[in-house]
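Engineer: Got a predicted model here, sequence first, then my questions.
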Amino acid sequence: MPYLIYHQTKWNNMMNFEQTLSTVMQLPFEQRQILINIIIHRDNDLRRREIAKEAREAIADFHAGKLKPQPAKDIIAKLRQPQNEVTEI
């Protein structure tokens with residue numbers, strides 16, 4: 001994407017976000033709280049679906065023989081590494 005188009009799109013998205021936030025802040029307190037709860041629940045539901053999809057893909061990879069056996073201690077050691085140091089398991 002050309003530089004100018006990218007930044008124009010980013011600017012437009014930021015303005016839409018600011019307009020949305022401004023509109024939300026005009027709602028009465030109770031309605032804002034309801035909106036927050038709806039967003040949180042939808043976000044949690046979306047994340048659960050993503051996790052379930054990743055689990056189905058991992059199970060399919062396991063059944064297809066795409067995963068190699070590893071000792072549990074190696075996997076646990078990798079999980080304990082800081083996120084930026086984790087290598088592919």
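Structural biologist: Arrived safely.
Engineer: Buried ones in the longest helix seen in the chain, by neighbour count?
Structural biologist: The helix that spans the most residues within the chain, counting by DSSP state H, is helix 29-63. Buried residues in helix 29-63, counted by 16 or more other CB atoms under 10 Å: none are found. All C-beta atoms are positioned from the backbone trio N, CA, C, and that covers glycine.
Engineer: roughly how far is that helix from the heart of the chain?
Structural biologist: Relative to its chain's centre, helix 29-63 lies at 9 Å (CA atoms, centre = their mean, to the nearest Å).
Engineer: Point out the other elements, helices or strands, that that helix touches.
Structural biologist: Applying 3 or more CB pairs under 8 Å, 6 or more residues apart in numbering; DSSP states H and E, we find helix 29-63 packed against helix 3-25.
Engineer: Rounded mean pLDDT for the helix it packs on, please.
Structural biologist: Rounded to a whole number, the mean pLDDT of helix 3-25 is 79.
Engineer: Over to stretch 37-57?
Structural biologist: Across stretch 37-57, the average pLDDT comes to 97.
Engineer: Pull up the per-residue confidence for residue 70.
Structural biologist: Residue-level pLDDT assigned to residue 70 equals 89.
Engineer: Tell me how many other residues surround it.
Structural biologist: The local packing of residue 70 (other CB atoms under 10 Å) involves 10 other residues.
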